[in-house]
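Participant: 3D, please:
(chains A, B, C and D)
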2 protein chains.
Amino acid sequence: MTETRVERKERTRRAILDAALELCEGQPLAALSLRQVAKQVGVVPTAFYRHFESIDQLGLELVDESFSALRDLLKAARTFDTPPSSDRALFLAVVDNSVKALVSHVPRAERHFRFIARERLAGSLLVREAVRHQLELIERELATDIARVPGAGRWSADDLQILANLLVNAMLSHAEELALANGRPDVVRRIEDTARRQLHIVLIGALSWDSSR
Amino acid sequence: MTETRVERKERTRRAILDAALELCEGQPLAALSLRQVAKQVGVVPTAFYRHFESIDQLGLELVDESFSALRDLLKAARTFDTPPSSDRALFLAVVDNSVKALVSHVPRAERHFRFIARERLAGSLLVREAVRHQLELIERELATDIARVPGAGRWSADDLQILANLLVNAMLSHAEELALANGRPDVVRRIEDTARRQLHIVLIGALSWDSSR
DNA sequence: AGTTTCGGTGTACGTGTGTACACCGAGAAC
DNA sequence: GTTCTCGGTGTACACACGTACACCGAAACT
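Facilitator: Okay, here's the model as predicted:
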């Protein structure tokens, strides 16, 4: 009625995305059928094609959705108005901020992260590549941020990349655990603590690491 | 003929497991149909039930198969006839041995590891739990081995667990990369190098980490 | 006011699915 | 040599699937 046509279209598009995300819980996207999604939305199967040309395309959409907020959040966690002076203090602050960002954001988009965890290695080729691409972006952004800290000269470009990879992998595995924690406060706190300590260990190791060894 | 009945049964059982593993490439186990597997084996669909009561049970079998050799290999990589004297030298030797074990073993069971990577987070509840259980065993075994090195007193039980978790997660992500490398020698070498450096960084960090900080 | 656009409908078809059931035939047990 | 066991067969059914096609009706455009 008072609803314009594009609004209406956007609404059922969202409904399809949400339905897919919900029906996916506990099974991979590939095991999901068009008809299940359509039924959940309350729409006839063929209507699906008005919005997505395949389940795969829907998957790509969900991947983008899942990462868009997170990447900004992580980058923000590494920018300071007045950065700590020593390398060590700076790193510890970055770890704290990043872990806090993760712990606060993941539970707010739990279903999305469970989706990512599932599809990262089990999804179709296209979806897997999309996830991998996003993770590489995060890794690269982290590497360039690390390269900017005053004492970063000690690391070669190779080692920077490797360090960033180690950090992102650790964060990823904790994000996956968080997404499976169902927001239970004690579990979340334990994961948070583990993540912080692990990242500390890594950065302490990195600080006494010399690429020209 | 010259083939006994149990031999024959074991043979088609193996054929079913292999067929499942092969058909699984690029899709999750849950998206696999009984009939596809049966056709691949060259057997009528209902014959499947003579060996497994469900695809899920077949999955559990594959999980056990995948891990049984690896765990022994990793434990062996941490036992020395004459262990190095300093903590640091010991750790570096352990890292080298473990990485070598991984790099030599994973490509020999590539399909199994791709299977594990896929099912670890995307499989059915039962399969996921089986994988998680195996990983926890590896983690625990690593933690007790670390606890035995002379200078391990510096770490609390908590921190030991956390350290082992960090190491296993790093190894896991590299094992997954290896399994996807399709044995391409340059890629394998790069992964091996990355893994070794990352584990070094972690252990250097751990060595200058004090639980009572 | 008349026409076009387009999200959603309803029907219909061929195919693949899990599984129930009766059956077979050769190796094992007696 | 007779009987039993049991891996594998063949048929059959009800169901869910993806998708092609013609159609509808209201918003959007002219």
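Participant: Could you use CA atoms for every contact and neighbour count after this?
Facilitator: Noted.
Participant: Can you give the domain ranges for chain A?
Facilitator: Domain ranges of chain A: A:1-52, A:56-207, per automatic domain parsing.
Participant: a markdown table for the ones you listed, including distance to DNA strand C and mean pLDDT?
Facilitator: Output for the domains of chain A, formatted as a markdown table (distance: least, CA to the nearest atom of the strand, whole Å; pLDDT from 0 to 100):
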| stretch | distance to DNA strand C | mean pLDDT |
| --- | --- | --- |
| domain A:1-52 | 4 | 95 |
| domain A:56-207 | 14 | 96 |
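Participant: Relative to B:A47, which of those domains is closest?
Facilitator: domain A:1-52 (24.0 Å; CA to CA).
Participant: Say whether DNA strand D is contacted by the closest one.
Facilitator: Yes - Domain A:1-52 reaches DNA strand D (CA under 7 Å from any atom of the strand) through A:M1, A:E3, A:T4, A:R5, A:V6, A:L32, A:S33, A:L34, A:R35, A:Q36, A:P45, A:T46.
Participant: Narrow those residues to those that are buried.
Facilitator: A:L34 (16 or more other CA atoms under 10 Å in any protein chain shown).
Participant: out of the domains of chain A, deepest packed?
Facilitator: domain A:56-207 (a mean of 18; mean count of other CA atoms under 10 Å in any protein chain shown).
Participant: That one near chain B at all?
Facilitator: Yes - interface with chain B: domain A:56-207 contributes A:117-119, A:121-125, A:162-163, A:166, A:169-170, A:173, A:194, A:197-198, A:201-206 (CA under 8 Å from any CA of the partner chain).
Participant: now that domain, how far from the chain's geometric center?
Facilitator: Remark: domain A:56-207 is offset 7 Å from the chain centroid, using CA atoms, centre = their mean, to the nearest Å.
Participant: Check the separation of the first and last residues in it.
Facilitator: In domain A:56-207, first residue to last residue: 43 Å (CA to CA, to the nearest Å).
Participant: so, in contact with DNA strand D or not, it?
Facilitator: No - applying CA under 7 Å from any atom of the strand, one finds domain A:56-207 out of contact with DNA strand D, separated by at least 10.5 Å.
Participant: in chain A, which spans are helices?
Facilitator: A:5-24, A:34-41, A:55-76, A:87-105, A:110-122, A:125-147, A:157-180, A:185-207 (DSSP state H).
Participant: show me the contacts for A:L58.
Facilitator: Neighbouring residues of A:L58 by CA atoms under 8 Å, 6 or more residues apart in numbering or on different chains: A:L17, A:F52.
Participant: Distance check, it against A:L74.
Facilitator: Distance, A:L58 to A:L74, by CA to CA: 25 Å.
Participant: Just put the helices of chain A in JSON lines and tack on distance to B:P185.
Facilitator: As requested, these are exported to JSON lines (distance: least, CA to CA, whole Å):
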{"stretch": "helix A:5-24", "distance to B:P185": "37"}
{"stretch": "helix A:34-41", "distance to B:P185": "41"}
{"stretch": "helix A:55-76", "distance to B:P185": "31"}
{"stretch": "helix A:87-105", "distance to B:P185": "35"}
{"stretch": "helix A:110-122", "distance to B:P185": "22"}
{"stretch": "helix A:125-147", "distance to B:P185": "22"}
{"stretch": "helix A:157-180", "distance to B:P185": "19"}
{"stretch": "helix A:185-207", "distance to B:P185": "28"}
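Participant: center of chain A, which residue is that?
Facilitator: Centre of chain A computed as the mean C-alpha position; nearest residue by CA atoms, centre = their mean is A:F67, 4.9 Å away.
Participant: Go ahead and confirm that residue touches A:Q134.
Facilitator: Yes - if you go by CA atoms under 8 Å, A:F67 and A:Q134 touch, sitting 7.0 Å apart.
Participant: ok so, going back, farthest pair within the residues of domain A:1-52 next to DNA strand D?
Facilitator: Pairwise distances across the residues of domain A:1-52 next to DNA strand D peak at 33.1 Å for A:M1 and A:L32 (criterion: CA to CA).
Participant: By proximity to chain B, which residue of chain A wins?
Facilitator: Chain A approaches chain B most closely through A:G205 (3.3 Å), counting by CA to the nearest CA.
Participant: residues touching that residue, list them.
Facilitator: B:I201, B:V202, B:L203, B:I204, B:G205, B:A206, B:S208.
Participant: Setting the sequence-adjacent residues aside, check what's closest to it.
Facilitator: Sequence neighbours aside, B:G205 is the residue nearest to A:G205 in space, at 3.3 Å (criterion: CA to CA, 6 or more residues apart in numbering or on different chains).
Participant: re the thing from before, could you dump the domains of chain A to JSON lines with distance to B:S54?
Facilitator: Formatted as JSON lines, these follow (distance: least, CA to CA, whole Å):
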{"stretch": "domain A:1-52", "distance to B:S54": "16"}
{"stretch": "domain A:56-207", "distance to B:S54": "20"}
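Participant: Which among those is found nearest to B:R50?
Facilitator: Across the domains of chain A, B:R50 has its closest neighbour in domain A:1-52 (25.4 Å, CA to CA).
Participant: give me every residue that touches the residue nearest to the centre of chain A.
Facilitator: A:Q134.
Participant: In PDB, could you pull the C-alpha coordinates for stretch A:26-44?
Facilitator: Provided in PDB are the C-alpha atoms of stretch A:26-44 (Å, rounded to 0.1, in the frame of the first residue of the first chain):
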ATOM      1  CA  GLY A  26      24.000 -27.000  11.300                       C
ATOM      2  CA  GLN A  27      24.300 -27.800   7.600                       C
ATOM      3  CA  PRO A  28      26.300 -26.400   4.700                       C
ATOM      4  CA  LEU A  29      24.700 -24.000   2.300                       C
ATOM      5  CA  ALA A  30      25.100 -26.600  -0.500                       C
ATOM      6  CA  ALA A  31      22.800 -28.900   1.400                       C
ATOM      7  CA  LEU A  32      20.100 -26.300   1.400                       C
ATOM      8  CA  SER A  33      17.300 -26.400  -1.200                       C
ATOM      9  CA  LEU A  34      15.600 -23.600  -3.000                       C
ATOM     10  CA  ARG A  35      12.300 -24.900  -1.900                       C
ATOM     11  CA  GLN A  36      13.100 -25.000   1.800                       C
ATOM     12  CA  VAL A  37      14.200 -21.300   1.600                       C
ATOM     13  CA  ALA A  38      11.100 -20.400  -0.300                       C
ATOM     14  CA  LYS A  39       8.800 -22.200   2.100                       C
ATOM     15  CA  GLN A  40      10.400 -20.500   5.000                       C
ATOM     16  CA  VAL A  41      10.000 -17.100   3.500                       C
ATOM     17  CA  GLY A  42       6.400 -17.900   2.600                       C
ATOM     18  CA  VAL A  43       6.800 -17.600  -1.100                       C
ATOM     19  CA  VAL A  44       6.600 -19.800  -4.100                       C
END
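Participant: Noted, bye for now.
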